[in-house]
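**Q** Provided below for reference: sequence and predicted model.
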Amino acid sequence: MENLYSTFKKLKDRISPNKPKGSASGSTIEIGRKRKNPSSDDNPFNDNSKKVRRHSNDSGMGYAVSKEAVISEEGKSMSPFIRRENLSKSLKTENTSSNNAKHPGETRDLNAVSGRNEEYENPIEKEVDGNGAETTSQTNGDETSEPAEVNTEDDEEEEDDKVPLEVLEEMNKLEECFPILSSNYRLIDKIGEGTFSTVYKAESLNGTIKLGSDIWKSPPLKRNRNKIKPIKRKNPIVALKQIYVTSSPNRIFNELNLLYILTGNSHVAPLLDVLRYQDQVLAILPYYQHADFRDFYRDLPIKGIKKYLWELFQALDFVHDKEVIHRDLKPTNFLYDPFKGRGVLVDFGLAEKMEPSTASRNSNVCPCVSKEKPAVSRTHAKRLNVKAAYPKQDQRPPRRANRAGTRGFRAPEVLFKCTNQSTKLDIWSAGIIGFSLISRRFPLFNSPDDTDALFELAIMFGIDKLQKCAELHGCGLEISLVRNVNKTYSNLIHVLSEFLNFESMSDAIPKDSVIYDTLTVLSQKGDSFEKPVLQNDDTEESLMKRMENYNDHKHLLQLLYGCFHMDPSKRLSSKGILKLPFFNELINSQDDEVIL
């Protein structure tokens, strides 16, 4: 009996979660700890006050990060910037599936896991005995707990496993071609790749940033200034932009010079450092946490669209005040965090300084610069009795203008090769982004060349307006459209109604989608917004919400019409757009929840 009793007692002590210190091996209870990726305290999007649980000790400090706790914490805080229920569910599902895929045989006791919420009183720790076996212990609140050991080598191997082999080969090749790189930065992953450059995520090994650190460093909140405790800082994470050697030296200098000029605003990514080795040039920029535009553009309510455009035009206002044209404004070049409502404008590879008009020196100047009415092309066409033609022996010099940009976002003056391009072409691109958000359609245009791009603009904004725009720039335009397309088809509300009603009729949207917020303000004909009226089952509060939703949509269309003027001189500026009624509630607001 004694042997049987002692056997059961040993078995009970082995499987019990509440066992004395050092009484069982670590194989009985496995608590996975993932190393938090190194993050910069200077990152304007890094606010770890709610995400990190701290274990204090006389000898040091340890951190444990739970992604599920972060998601639940974010779900509790209600934000009007994004409809986050579906996103939180998807993040939890992805996190659960990824954990099951990595550890298929791992099981956890619910009581043991729930006990982590009381870490400040009874923290669970891992210990390693002399034989190398892991043991777990649970201390009382009165005892001093040792910080948890973190296996950084295994975590780094897991982190490297997530990076594709091709990317690892690229990063290894870059370090071989750039010997001084490995002494200052450690490459982590590839963020993106473009025509002229590739961007990598890297860790600054020296822990310091040479240029502009005081500008983009996050100041402490006023209410938490007295509660801040000294913590162990980790090396900052940066974005390392490799500019291809095929780029001209003038283009490389222009980009770096503009980045240096535009340093000093929280909505524009500053230049932190530059490395050069022979013909290789690397630009060091801050790394901003953001979400992919395709992941949230269909979930932004009208308040979220307002915040997105507010951040975007704040950045454009600063850039345009410096007389700089971005030229490549698109969602991938505006890094936005929909949960915090903060955005940063990046990628000035195609940007240029706006030059004054050269009408007196250049004979090939665009007719839009002169004050005379540009009706030459229409009179010439009537005299020849032809719709579109060129002289047999055309002696006119070809018009050369900057046509850089991304298809679908280029303004009409760029397509018509206007030589008098200004910052107003960025306003057109911002309008395209705004209409993509409200119509829940991205990309809005997908033309392979300039001819198809003009055809798409004619369908959406009307042939008449586009022909007048062509005459303004000294060009002629003739397009043959199908019968069911109206010649003066330029009502944006009608286009918006067709896009959304098509998705609604095809059952392509969930019942709780924000698309229904827009459908409720559209009239039955779909050509205007319908003002809400008091119904029998309406309360005063519900009527006020519907009226606010109606006013937001009406003011948003006012903003978009101001962005889509065919004449650049009549198009609104970024400073004028920020004063529109659409942004009234954000003009004097101060969001103290987000660190800039």
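**A** Done, it's in.

**Q** Low-confidence stretches in this structure?
**A** The model of the chain has pLDDT under 70 over residues 1-161, 207-233, 356-364, 370-399, 481-490, 589-596.

**Q** Let me see the domain layout of it.
**A** According to the TED database, the chain comprises the domains 165-209+234-286, 293-355+364-385+403-593.

**Q** As CSV, those with mean neighbour count would be great.
**A** Where C-beta positions appear, they are placed from N, C-alpha and C, glycine not excepted. Converted to CSV, the domains of the chain look like this (neighbours: other CB atoms under 10 Å):
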stretch, mean neighbour count
domain 165-209+234-286, 17
domain 293-355+364-385+403-593, 17
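
**Q** what's next to the lengthiest helix in the chain, contact-wise?
**A** Looking across the chain with DSSP state H, the single longest helix is helix 540-563. Residues outside helix 540-563 that contact it (CB atoms under 8 Å, 6 or more residues apart in numbering) are 302-303, 305-306, 309, 427-428, 430-431, 434-435, 438, 492-493, 517-518, 520-521, 529-532, 534, 571-572, 576-577, 580-582.

**Q** which element is residue 436 on?
**A** helix 424-439 (DSSP states H and E).

**Q** Let me see the contact set for residue 255.
**A** Per CB under 8 Å, 6+ apart, neighbours of residue 255: 243, 283, 348-349, 351.

**Q** helices and strands around the helix holding residue 436, which ones?
**A** Under the contact definition 3 or more CB pairs under 8 Å, 6 or more residues apart in numbering; DSSP states H and E, helix 424-439 sits against helix 302-321, helix 412-415, helix 492-505, helix 540-563, helix 574-577.

**Q** can you rerun that using 10 Å?
**A** Here helix 424-439 touches helix 293-296, helix 302-321, strand 324-325, helix 412-415, helix 492-505, helix 515-519, helix 540-563, helix 574-577, going by 3 or more CB pairs under 10 Å, 6 or more residues apart in numbering; DSSP states H and E.

**Q** returning to what we had before: now the longest helix of the chain - C-alpha only, PDB.
**A** Written as PDB, here are the backbone C-alpha positions of helix 540-563 (Å, rounded to 0.1, in the frame of the first residue of the first chain):
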ATOM      1  CA  GLU A 540     -34.100  62.400 -31.500                       C
ATOM      2  CA  GLU A 541     -30.800  60.700 -31.000                       C
ATOM      3  CA  SER A 542     -31.200  58.400 -34.100                       C
ATOM      4  CA  LEU A 543     -32.300  61.300 -36.200                       C
ATOM      5  CA  MET A 544     -29.200  63.400 -35.200                       C
ATOM      6  CA  LYS A 545     -26.900  60.500 -36.100                       C
ATOM      7  CA  ARG A 546     -28.600  60.100 -39.500                       C
ATOM      8  CA  MET A 547     -28.400  63.800 -40.100                       C
ATOM      9  CA  GLU A 548     -24.700  63.800 -39.200                       C
ATOM     10  CA  ASN A 549     -24.100  60.900 -41.600                       C
ATOM     11  CA  TYR A 550     -25.900  62.800 -44.300                       C
ATOM     12  CA  ASN A 551     -23.900  66.000 -43.700                       C
ATOM     13  CA  ASP A 552     -20.600  64.100 -43.700                       C
ATOM     14  CA  HIS A 553     -21.400  62.500 -47.100                       C
ATOM     15  CA  LYS A 554     -22.500  65.800 -48.600                       C
ATOM     16  CA  HIS A 555     -19.400  67.600 -47.400                       C
ATOM     17  CA  LEU A 556     -17.200  64.800 -48.700                       C
ATOM     18  CA  LEU A 557     -18.600  65.100 -52.200                       C
ATOM     19  CA  GLN A 558     -18.000  68.800 -52.000                       C
ATOM     20  CA  LEU A 559     -14.400  68.100 -51.200                       C
ATOM     21  CA  LEU A 560     -14.100  65.600 -54.100                       C
ATOM     22  CA  TYR A 561     -15.600  68.000 -56.600                       C
ATOM     23  CA  GLY A 562     -13.000  70.500 -55.500                       C
ATOM     24  CA  CYS A 563     -10.300  68.000 -56.200                       C
END
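
**Q** Please shift the residue numbers so they start at 29 in all later answers.
**A** In the new numbering, first residue 29, that becomes helix 568-591.
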